[in-house]
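Asks: for reference, the sequence and a predicted model appear below.
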Number of protein chains: 2
Amino acid sequence: MRIVTLALIVCGLCWGDGTDGCKPSSLNIPGAQYPCVYPDHRATFRLVAPEAQKVQVKVGQTFDMVKGAEGAWTVTTTPLVAGFHYYSLVLDGVTVADPATQTFFGSGWASSGIEIPEAADGDYYRSKDVPHGQVSQRRYYSKVTGKWRRSFVYTPPDYDAGKTRYPVLYLLHGWGEDETGWYTQGHVDSVMDNLIAAKKAKPMIIVMDNLNTAKPGEDDSIFWARGLQPRPANEAGRGGRGGGLANFSGETFTEMMLTDLIPTIESTYRVLPGRENRAMAGLSMGGMQTFLTTLANLDKFAYIGGFSGSTGGRGGTFDPKTSNHGVFADAGAFNKKVKLLFLGIGSMEGPGTKNFSDQLSQAGIKNVYFESPGTAHEWLTWRRCLNDFAPRLFQ
Amino acid sequence: MRIVTLALIVCGLCWGDGTDGCKPSSLNIPGAQYPCVYPDHRATFRLVAPEAQKVQVKVGQTFDMVKGAEGAWTVTTTPLVAGFHYYSLVLDGVTVADPATQTFFGSGWASSGIEIPEAADGDYYRSKDVPHGQVSQRRYYSKVTGKWRRSFVYTPPDYDAGKTRYPVLYLLHGWGEDETGWYTQGHVDSVMDNLIAAKKAKPMIIVMDNLNTAKPGEDDSIFWARGLQPRPANEAGRGGRGGGLANFSGETFTEMMLTDLIPTIESTYRVLPGRENRAMAGLSMGGMQTFLTTLANLDKFAYIGGFSGSTGGRGGTFDPKTSNHGVFADAGAFNKKVKLLFLGIGSMEGPGTKNFSDQLSQAGIKNVYFESPGTAHEWLTWRRCLNDFAPRLFQ
């Protein structure tokens, strides 16, 4: 506690400009000194709010900020886990983004973000002097939803100049996120550029779409931010994440993907045809969607990845004969058809995914289990999952 | 006033779901009913903040919000001008983004946005069933700044499938914005897709970079958000927009553009060579940068556009013999060299740009003056400028 107090005093003098070792987060807006991060991963947050009664920062846990000179509220946290964290301020009871950072779409709204830097361990997701692919915005009209939609598409470094056709990975974000997640929070382009330059992964196209898919009149409230906006009185109890996800079939996304997205991609890009050139993966709810879509369409996908999310590992009884409509019942047939079934998780996320992997193995279903050390249900887990998953594709 | 009060009561009953005609802004996060927009362009804003003492919304002017049932603060504005507006909430004295909208980078931070829809007049910037180009993220290393930078690049619909080379327009945002401005607030891809489909504009590549360019150790505080973050005490009075812009030379951006950006683009994309295939334009501070860069490098650019910004029209004495280092002194030579000098402005922005255009004309300098009716220093002016400017390029 004495260290924290001292740090605050020092920071108050030096404006977090690095002289006390607290460096502005790389996600801050230009010129913003706060939030800043210490070498031991503590972070100092600061908000000038002379008229406020109470200010807190929610970054995983909630920290009360303390009012100091000139109405500046500050707090220095305990050490944070490395990687990207969503966070928000609670200003007199209202959850808002910190105006000092760029925003990142998570939990259904434009949240603040802070990056706790890794040392050399994080090199795989940083821009380096290697050939660069690009991430492109692709708008397309969905016949299924009756609306324009948007994907971001990674094409590998040699795509523009060459004539080669490439396999495709469809890669989904998690609950409350959107199609921007993988190329901002996820650093998908740098991860892939570095893997491809090191010849660890085959060059591939990666399509990042939006889970948020509803037909006209269909209830889409599962995708709404919780607690941030008023719900109509007659809709109380509707939607919500917990109950919603348990009943989530993912059928509309699957239909949209097969009807609109895949045909758009395959008629627009130089794509290799067939299931053995098509992979799908996703994180959290996107992993669940991946399992729902692919296991019901094994004639269309040969590679499957769930990063901190799948249809298993959530409790309940797993029975290989009946679970997922019996797709695991004939292990030999499944193993012959599915080139990769990948289950990734952060070590701080609990044993559910490991248990699911073990259950699959006991049923004779080949699968790869990957555990990210020391990380939680956050983007560093998923960057690492992608870094481990992508080299296994299309081999 | 009676109408406003009535609207508030009605809205309180119907949750802005359209039954009273107030439709959620297209820029809201999924499920957010507020802000909503009436057919007469009034907008209702709402924030649930039971513990707050005072809440305001700043959307051009400042409106006090009124606390109602369940701690919900609301206000219905006077009619707003059509198009995109940045806005923010002031919550107990702190300027924050409204958590109910997506954010848009403006004034140096991630601000809220509201779109006041146009009827048929706005069709030119909407996605339609025409061939679509794409907007790609392009990362590159700048030798001039010693940092990685990012451009967004629009390639026309037939780029991927074809072998043709294209001319290039370099298109800049305004003060406090960034490389995302033109493809989010500006709808650059839809504007160009629609123009190209109608054969009104030649297919071209458009490069959208970031004005924020500083060498190591160089003062970049002109790009910082004003008032949103504490300034070190010893830097008081430094930077700021007004004084800063008057002394802004734009030389670092020009050097970076010529050294890093243009070579990156021309070695990456299928680009037609030479000045007659190179245009540059920008809005506000980006228009000023455009004039600074191009007028000093007429051997490299043949088409020049300033949208609500240039080096003229800001008062002071314009002398064609000496202004801009005498580039206008020989009108005949200038007119022969420069294929297009375009000055656009919103009709609500004052007479400065028209005066500059007249001064140029009186000095014999050919120029095109475009005025957007009924719009201010905002994105609808600049969408319209682009829509008028692009068809004049590379003809």
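Replies: That came through, no problem.

Asks: burial of A:F248, as a residue count?
Replies: A:F248: 17 surrounding residues under other CB atoms under 10 Å in any protein chain shown. All C-beta atoms are positioned from the backbone trio N, CA, C, and that covers glycine.

Asks: likewise A:P273?
Replies: A:P273 has 10 neighbours, counted by other CB under 10 Å.

Asks: show me what contacts it?
Replies: Going by CB atoms under 8 Å, 6 or more residues apart in numbering or on different chains, A:P273 touches A:E266.

Asks: closest point of the stretch 201-350 of chain A to chain B, which residue?
Replies: A:W224 (3.2 Å; CB to the nearest CB).

Asks: which residues are in contact with that residue?
Replies: Going by CB under 8 Å, 6+ apart, A:W224 touches A:108, A:239, B:29-32.

Asks: just give the nearest non-adjacent residue to it, would you?
Replies: Counting by CB to CB, 6 or more residues apart in numbering or on different chains, B:G31 is the residue found nearest to A:W224 once chain neighbours are left out, at 3.2 Å.

Asks: now that neighbour, what's its secondary structure?
Replies: What DSSP: H, G, I helix; E, B strand; the rest coil gives for B:G31 is coil.

Asks: A:L272 and A:Y166: what is the separation?
Replies: Distance of A:L272 to A:Y166, given as CB to CB, to the nearest Å: 6 Å.

Asks: wait, a helix at A:G113?
Replies: No - counting by three-state DSSP, A:G113 is not part of a helix but strand.

Asks: more neighbours, A:L272 and A:Y166?
Replies: Set A:L272 next to A:Y166 and count neighbours by other CB under 10 Å: A:Y166 wins out with 21 against 16.

Asks: pLDDT score for that one?
Replies: pLDDT for A:Y166: 98.

Asks: check the one 3 residues further on too.
Replies: With respect to pLDDT, A:L169 has a value of 98.

Asks: and it, its phi and psi?
Replies: When read as degrees, to the nearest 10, the backbone of A:L169 gives phi -110, psi 120.

Asks: which residues does it contact?
Replies: By CB under 8 Å, 6+ apart, the contact set of A:L169 is A:204-207, A:279-281, A:303, A:390, A:393.

Asks: narrow those to those in strands?
Replies: Counting by DSSP state E, the contacts of A:L169 place A:205-207, A:279-281, A:303 in strands.

Asks: kindly reformat the residues you listed as JSON lines containing neighbour count and distance to chain B.
Replies: Listed next are the ones in strands among the contacts of A:L169 as JSON lines, based on neighbours: other CB atoms under 10 Å in any protein chain shown; distance: CB to the nearest CB, whole Å:
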{"residue": "A:I205", "neighbour count": "23", "distance to chain B": "12"}
{"residue": "A:I206", "neighbour count": "26", "distance to chain B": "13"}
{"residue": "A:V207", "neighbour count": "24", "distance to chain B": "13"}
{"residue": "A:A279", "neighbour count": "28", "distance to chain B": "22"}
{"residue": "A:M280", "neighbour count": "26", "distance to chain B": "22"}
{"residue": "A:A281", "neighbour count": "28", "distance to chain B": "21"}
{"residue": "A:Y303", "neighbour count": "24", "distance to chain B": "25"}
